[in-house]
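In: model the structure of this input:
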Amino acid sequence: MARRARMYLPGHAYHVYQRGNNHEACFNESENYRFYLELWDECSRRYGVAVHAYCLMTNHVHFLVTPEKQDSISRVTRDVGSRYAFYFNRRYQRTGTLWEGRHKASLVQCERYFLACSRYIELNPVAAGMVENPEAYPWSSYLANAWGQQSRLVQHDEYLRLGRDSRYRCFAYRELFRQRLSDSDIHAIEKANHYCQPVGDSRFRQGIERKYGIKLGQSARGRPRKGGKVVKK
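Out: Below is the predicted model of the structure:
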């Protein structure tokens with residue numbers, strides 16, 4: 001029996017994360033990354049998902065997105081995941097599952113955490129020691145968000161508030177990366193991602209619960225780890 005699609009709140013941003021099975025590589029060469037992004041471009045348009053930021057790491061992926069419908073994210077991740085796995089297995093003559101279970105997603109409080117999540121996502125290659133700065137990594141949205149590189153996939157919302165035109169917005173976005181993410185922001189994003197809980201304060205959580213008549217629950221308690229570095233998962 002097919003698993004029931006997860007339901008998300010239309011018009012609200014989500015941090016979506018998916019990891020390769022047993023932490024194994026999901027991308028071996030440039031063509032893999034390009035094909036995966038082509039699938040996201042196609043399916044996000046078909047099912048109504050706006051992509052604001054992304055990063056494809058060797059063995060996991062991050063996306064910051066906003067769905068148009070309750071099942072938009074589930075449809076995109078399902079179609080992209082299955083089609084890419086078929087392509088990957090055929091290309092490398094392998095069998096078995098490629099992904100470690102279903103994707104994870106955490107609701108994001110845009111006013112407080114949208115740009116923090118975007119920075120967290122695009123800084124993953126830097127935190128993992130793969131590159132010294134985010135513009136050196138070709139498989140993220142940083143070049144589109146920070147330098148205005150043309151992208152069919154990346155769309156903006158909260159980002160537009162950074163400036164009156166694209167030049168000012170790109171400059172303001174690059175300036176954000178001059179300061180490191182705080183330990184508390186990193187901890188909030190990672191904990192919410194792990195437990196599929198909202199990235200937001202108590203007022204945001206309570207407002208969502210009242211508006212939609214749902215119970216969001218609480219993520220497990222814990223203290224931020226020392227150092228404030230984003231760990232390659």
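In: hey, what's the residue nearest to the spatial centre of the chain bridged with?
Out: Compute the mean C-alpha point of the chain, and by Cα atoms, centre = their mean the closest residue is F63, 2.0 Å away. With DSSP bridges as the criterion, F63 is bridged to V16, Y54.
In: so how far is K191 from it?
Out: From F63 across to K191, the span is 18 Å (Cβ to Cβ, to the nearest Å). C-beta coordinates here come from the backbone N, C-alpha and C atoms, glycine included.
In: tell me which residues in the lowest-mean-pLDDT helix or strand in the chain are buried?
Out: Least confident helix or strand of the chain, by mean pLDDT, DSSP states H and E, is helix 202-212 with a mean of 87. Neighbour counts using 16 or more other Cβ atoms under 10 Å place 204-205, 208 of helix 202-212 among the buried residues.
In: ditto for stretch 98-106
Out: Residues of stretch 98-106 classed as buried by neighbour count (16+ other Cβ under 10 Å): 98-100, 103-106.
In: out of the residues you listed, who's nearest A85?
Out: The nearest member of the buried residues of stretch 98-106 to A85, counting by Cβ to Cβ, is L98 at 4.0 Å.
In: how about the contacts made by the residue lying closest to that closest one once chain neighbours are set aside?
Out: Distance criterion Cβ to Cβ, 6 or more residues apart in numbering; nearest residue to L98, sequence neighbours excluded, is A85 at 4.0 Å. By Cβ atoms under 8 Å, 6 or more residues apart in numbering, the contact list for A85 reads 97-99.
In: which element is A85 on?
Out: Here A85 sits within helix 72-91, counting by DSSP states H and E.
In: distance from the chain centre to that helix, please.
Out: On the basis of Cα atoms, centre = their mean, to the nearest Å, helix 72-91 sits 16 Å off its chain's mean C-alpha point.
In: buried sites along it?
Out: Taking 16+ other Cβ under 10 Å as the criterion, helix 72-91 shows 72-81, 84-85, 87-88 as buried.
In: buried sites along stretch 132-139?
Out: For stretch 132-139, a neighbour-count test (16+ other Cβ under 10 Å) marks 134-135, 137, 139 as buried.
In: then stretch 141-154?
Out: For stretch 141-154, the neighbour count (16+ other Cβ under 10 Å) marks 141-146, 153-154 as buried.
In: distance between the ends of it?
Out: End-to-end distance of stretch 141-154 (Cα to Cα, to the nearest Å): 7 Å.
In: contacts for it next, please.
Out: Outside stretch 141-154, the residues that reach it (Cβ under 8 Å, 6+ apart) are 37, 40-41, 44, 51-55, 118, 121-122, 134-135, 159, 166-167, 170, 173-174, 177.
In: from the residues you listed, list the buried ones, please.
Out: With burial judged by 16+ other Cβ under 10 Å, the buried subset of the contacts of stretch 141-154 is 37, 40-41, 44, 51-55, 118, 121-122, 134-135, 159, 170, 173, 177.
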